[in-house]
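Participant: Just need the structure, nothing else, for what follows:
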Amino acid sequence: VQGFESLAARQRKPRKCGQIPLLTNLNGGIFCVKNRFQDTIRALFFLLVLRRALFCAVWQFYKVVYCFFNLLPVKNKVVATAMRGRKYSDDPRFVVEELHRQRPNLDIVWFVDDRWPTNDLPSWIRTVPYYKFGMLKRIYEMATSKVWINSHLFEHFVQRKSNQLYIKVDHGSMPLKKVYLDVKSTDKHGIAYKELINNAKIANVFVANSDFHVGLYRRAYAFKGPIYRCGFPRNDEFVAPTTDYRKNVREELQLQGENILLYVPTFRDNFERTHDIDYSVYAVDFDGLYNALKRKFGGEWVILQKFHPIMQIYVKSGNDLPFVKDVSSYANTQDLIAASDIVLSDYSSTIIDAAIAGVPGFTLCLDYDRYRKEREMYFEMEKLPFPFAKSNEELIANVEHFDENDFRKKWQVFHVEHRPFAILENF
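Facilitator: Model (predicted):
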């Protein structure tokens, strides 16, 4: 701090580099401080380096711990998780439930993120926290487990022993937006890239549902091992139903005889960085849509709104319309699809699941022009078999002019070309 100097003195003397006026005192003098710009930059750079060093040290610590636990013998148990512990769903859920049905005494462990509610976990599953203080226990369970099942990626320090089996399934049936190495801007120096390459290295087998997914695993996941094209377990009920999900979901949600439209939009890329939700991209005109559904199909309707699982604890639902229900906390989206009459989405592969289940779908992409510039796509939305809209007006018009026979024909053409589910084939 230079102290107080009179304004006249400041005018007579050339201002030294680094002195900036902050405020004027009552006598007209100016309070100046030295601008430590370079020192500030150095300090910030040091803090960034220190943060990265600490980050690397933590990962190195976990790597050492994992190597130690890897010396322990493997036990006859299965560990599974979906979306890094955010929900009890996806293909791992259906695999472990079938394993339990066949072998009720099998030890099954599910990794959970405590920030996300997982109240629907059955009593026969042991739970272990995915992060924080549960990290060491999770590493122990993985190092001593016979089988791993995951719909996402394990950390880059994870190593599989020769007597362990890692089954990798995918989160989406047929992604519409490009993923991993198919994205040109992929950072090949970051942790996410290291995780991807390590999982491609340690996985024994990837499970696919289509020719499209086989190519996806080879390109985007860099996987060179065997791929079982047997369809995704979570969609088995769509092909050979054994449960009346429509009845079960209606009872659980306390619905009467209403028809159901399920709205399942996906997240936007900036959400993963900031956790801020741009609600303008989800601004569906529910009033207009509700009235259009009644005019076109008749009967009473209820709209179920389910945001992507990673958005669940951040969503602030401000909708108070009596015919709109937020079901973001509902764990299994496949049950909701099976119970629905129509599915509405944007860029989510859930729309493919719906078509497999025989449920008609519509797409509404309010930010389509911007989204196409920010995110590369596998398909042009306009060319998919689902009526496409960039505005609420177009969506309502699509509903009012919907021709189910035309939709079925377009879906059949898409199905023949991409084969989103099929019998068991190994590649």
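Participant: how close does Ala143 sit to Ala203?
Facilitator: When distances are taken as C-beta to C-beta, to the nearest Å, Ala143 and Ala203 turn out to be 16 Å apart. All C-beta spots, glycine's among them, are computed from the backbone N, C-alpha and C.
Participant: Break down the stretch 151-300 of the chain into its helices, ranges please.
Facilitator: 191-202, 211-219, 236-239, 245-252, 269-274, 286-297 (DSSP state H, counting those that start in this stretch).
Participant: hmm, who's touching the first one?
Facilitator: Counting contacts by C-beta atoms under 8 Å, 6 or more residues apart in numbering, the residues outside helix 191-202 that touch it are 153-160, 166, 168, 180-181, 186-187, 221-224.
Participant: angle of that helix against helix 211-219?
Facilitator: Following axes from the mean of the first three to the mean of the last three C-alpha atoms, to 10 degrees, one obtains 100 degrees for the angle between helix 191-202 and helix 211-219.
Participant: Tell me the buried residues in helix 191-202?
Facilitator: Buried residues in helix 191-202, defined by neighbour count with 16 or more other C-beta atoms under 10 Å: Tyr193, Lys194, Glu195, Leu196, Ile197, Asn198, Asn199, Ala200, Ile202.
Participant: Then the shortest one?
Facilitator: Neighbour counts using 16+ other C-beta under 10 Å place Asp236, Glu237, Phe238 of helix 236-239 among the buried residues.
Participant: Now do the same contact list for the closest residue to the last one other than its chain neighbours.
Facilitator: So the one you mean is Phe238. Of all residues not flanking Phe238 in the chain, Ala357 sits nearest, at 4.0 Å (C-beta to C-beta, 6 or more residues apart in numbering). Ala357 makes contacts with Asn235, Phe238, Ile337, Ala338, as judged by C-beta under 8 Å, 6+ apart.
Participant: Could you do Ile167 as well?
Facilitator: When contacts are counted by C-beta under 8 Å, 6+ apart, Ile167 touches Val95, Val147, Trp148, Ile149, Asn150, Ala203, Asn204, Val205, Val207.
Participant: Now do the residue nearest to Phe238, the pLDDT please.
Facilitator: With respect to pLDDT, Ala357 has a value of 90.
Participant: State the three-state secondary structure for the one residue sitting closest to the centre of the chain.
Facilitator: Taking C-alpha atoms, centre = their mean as the criterion, Ile310 is the residue nearest the geometric centre of the chain, at 5.5 Å. Here Ile310 takes the helix state, with states given by DSSP: H, G, I helix; E, B strand; the rest coil.
Participant: Next, work out how far apart the residue lying closest to Ala203 once chain neighbours are set aside and Lys63 are.
Facilitator: In this structure, Ala203 finds its nearest non-sequential neighbour in Lys168, 4.3 Å apart by C-beta to C-beta, 6+ apart. When C-beta to C-beta is applied, the distance between Lys168 and Lys63 equals 21 Å.
Participant: Among these two, which residue is more densely surrounded?
Facilitator: Between Lys168 and Lys63, counted using other C-beta atoms under 10 Å, the more crowded position is Lys168 (25 against 16).
Participant: where does the stretch 1-150 of the chain dip in pLDDT?
Facilitator: Segments of the stretch 1-150 of the chain classed as low confidence (criterion: pLDDT under 70) are 1-37, 55, 119.
Participant: Please enumerate the helices of it.
Facilitator: Taking DSSP H, counting those that start in this stretch as the criterion, the stretch 1-150 of the chain carries its helices at 7-12, 37-69, 90-102, 135-143.
Participant: nearest to Ser329, of the ones you listed?
Facilitator: When the helices of the stretch 1-150 of the chain are ranked by proximity to Ser329, the top entry is helix 90-102, at 15.7 Å, counting by C-beta to C-beta.
Participant: Show residues contacting that closest one.
Facilitator: Outside of helix 90-102, the residues within contact range by C-beta under 8 Å, 6+ apart are 78, 80-83, 106, 108, 110, 122, 124-125, 149-151, 167, 169-171, 207, 232-234, 236, 332.
Participant: Going through the residues you listed, which ones are buried?
Facilitator: Among those, those that count as buried by neighbour count (16+ other C-beta under 10 Å) are 78, 80-83, 108, 110, 125, 149-151, 167, 169-171, 207, 232-234, 236, 332.
Participant: which ones are touching the residue nearest to the centre of the chain?
Facilitator: With contacts taken as C-beta under 8 Å, 6+ apart, Ile310 has the following neighbours: Met83, Arg86, Phe267, Phe271, Glu272.
Participant: Next: Glu394.
Facilitator: Counting by C-beta under 8 Å, 6+ apart, Glu394 makes contact with Phe388.
Participant: again, only using 10 Å
Facilitator: If a contact means C-beta atoms under 10 Å, 6 or more residues apart in numbering, then Glu394 has Leu364, Cys365, Pro387, Phe388 as its contacts.
Participant: from those residues, which single one is nearest Asn70?
Facilitator: Of all the contacts of Glu394, Asn70 sits closest to Cys365, with 46.3 Å by C-beta to C-beta.
Participant: check contacts around the closest residue to the closest one other than its chain neighbours.
Facilitator: For Cys365, the nearest residue in space outside its immediate sequence neighbours is Asp346; the separation is 4.9 Å by C-beta to C-beta, 6+ apart. When contacts are counted by C-beta under 10 Å, 6+ apart, Asp346 touches 176-177, 263-266, 268, 281-282, 284, 363-368, 371, 381, 389.
Participant: Also Gly225?
Facilitator: Tyr166, Lys168, Ala200, Lys201, Ile202, Ala203, Asn204, Val205, Phe206, Tyr217, Phe427.
Participant: what is the first one paired to in the beta sheet?
Facilitator: Spelled out, that is Tyr166. With DSSP bridges applied, the residues forming beta bridges to Tyr166 are Trp148.
Participant: mind checking pLDDT for it?
Facilitator: Tyr166 is assigned 98 on the pLDDT scale.
Participant: Pretty sure it sits against Ile149.
Facilitator: Yes. Tyr166 is in contact with Ile149 according to C-beta atoms under 10 Å; the separation is 8.1 Å.
Participant: returning to that earlier point: need the contacts of Ala357 in TSV (columns: pLDDT and distance to Asn398).
Facilitator: Listed next are the contacts of Ala357 as TSV, based on pLDDT from 0 to 100; distance: C-beta to C-beta, whole Å:
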residue	pLDDT	distance to Asn398
Asn235	88	26
Phe238	84	24
Ile337	93	20
Ala338	90	23
